[in-house]
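Q: quick check, what structure comes out for this input:
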Amino acid sequence: MVDSALLVAEDSILIVVDVQPPFLRKLALEDQQPLLQRICWLIGVANWLQVPLIITAEDIPRLGTVETQITQSLPLQTPIYNKMIFDLMADPTIHAAVAQVGRKTAILVGLETDVCVAHSALGLLGTGYRVAVVADATGSPGTAYQFGLDRVQQAGGLVVSVKGLFYEWIRTVDQAQRFRSECKVLGVPKGTRL
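A: Predicted coordinates:
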């Protein structure tokens, strides 16, 4: 594990959990697009910083793959893993993909906060990963959202914001300015002030 209280891009893997239309439709209509924008923006930040990605979708034959905005923000040839177990670490193929990256800090975004995100966070914690859930890049309907975040924190996971994660990964004013000049196309997601 990296010897820092801050999250370190060079030790991180960004895991995008089950951002699929059936789960998005459970959220309030006004919350869906801002959530998608924040997740896509973080994927762009991760790409710029060369943070590896793991993308999952639950039961693809029945529920379909990830939302189109997500697939369009991914690098070409990024695999999308079909997940049939709520805890992604309980799936041998996904577990192996995460382990193969060789990093020990897992950053989770996606749906739903109280089920697949929380179960996956617990599975990652149980296998020795440092885990951070990005609160404003996850979602669940109603009170289930907060229950999921609370469960992760009680188990020893971190809860961070998109803005907080960005600055922990970026670290310096020079790096932030370089990011802004090179990544104007990414914009800043609504509701996020950098």
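
Q: quickly note the distance from residue 58 to residue 124.
A: Shown here: residue 58 relative to residue 124, a distance of 17 Å by Cβ to Cβ, to the nearest Å. Placement of C-beta: from N, CA and C, glycine included.

Q: my bad, should have said residue 37
A: On the measure of Cβ to Cβ, residue 37 and residue 124 end up 25 Å apart.

Q: higher neighbour count, the two?
A: Counted by other Cβ atoms under 10 Å, residue 37 and residue 124 do not tie: residue 124 has more neighbours, with 24 against 21.

Q: mind checking the SS state of the more buried one?
A: helix (DSSP: H, G, I helix; E, B strand; the rest coil).

Q: what residues sit buried inside the lowest-mean-pLDDT helix or strand in the chain?
A: Lowest by mean pLDDT, DSSP states H and E among the helices and strands of the chain is helix 173-182, with a mean of 89. Going by neighbour count (16 or more other Cβ atoms under 10 Å), the buried part of helix 173-182 is residue 179.

Q: remind me what it packs against, helices and strands.
A: Helix 173-182 sits against helix 29-49, helix 162-170, with contacts defined as 3 or more Cβ pairs under 8 Å, 6 or more residues apart in numbering; DSSP states H and E.

Q: so how far is residue 68 from the nearest residue to residue 114 once chain neighbours are set aside?
A: Nearest non-adjacent residue to residue 114, counting by Cβ to Cβ, 6 or more residues apart in numbering: residue 148, 3.3 Å away. Counting by Cβ to Cβ, the separation of residue 148 from residue 68 is 25 Å.

Q: and the two? Which one has more around it.
A: Using other Cβ under 10 Å as the criterion, residue 148 and residue 68 rank with residue 148 on top: 25 against 10.

Q: so who does that one touch?
A: Counting by Cβ atoms under 8 Å, 6 or more residues apart in numbering, residue 148 touches 112-115, 117-118, 133, 138, 140.

Q: of these, closest to residue 96?
A: Nearest to residue 96 out of these is residue 117 (Cβ to Cβ; 20.4 Å).

Q: neighbours around that closest one, how many?
A: Residue 117 sits with 31 neighbouring residues when counted by other Cβ under 10 Å.

Q: now swap in residue 5 and tell me
A: Residues lying near residue 5 (other Cβ under 10 Å) number 7.

Q: so it: helix, strand or coil?
A: coil.

Q: who are the contact partners of it?
A: No contacts exist for residue 5 under Cβ under 8 Å, 6+ apart.

Q: how much space is there between the residue nearest to residue 114 and residue 127?
A: In terms of Cβ to Cβ, residue 148 sits 19 Å off from residue 127.

Q: I'd say residue 32 and residue 21 touch.
A: No. Assessed by Cβ atoms under 8 Å, residue 32 is found out of contact with residue 21, at 9.5 Å.

Q: so which of those two has more stuff around it?
A: Remark: of residue 32 and residue 21, residue 32 carries more neighbours, 16 against 13, as counted by other Cβ under 10 Å.

Q: dump the helices and strands packed on helix 173-182 into JSON lines; add mean pLDDT and distance to residue 64 as well.
A: Below are these laid out as JSON lines (pLDDT from 0 to 100; distance: least, Cβ to Cβ, whole Å):
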{"stretch": "helix 29-49", "mean pLDDT": "95", "distance to residue 64": "15"}
{"stretch": "helix 162-170", "mean pLDDT": "96", "distance to residue 64": "26"}
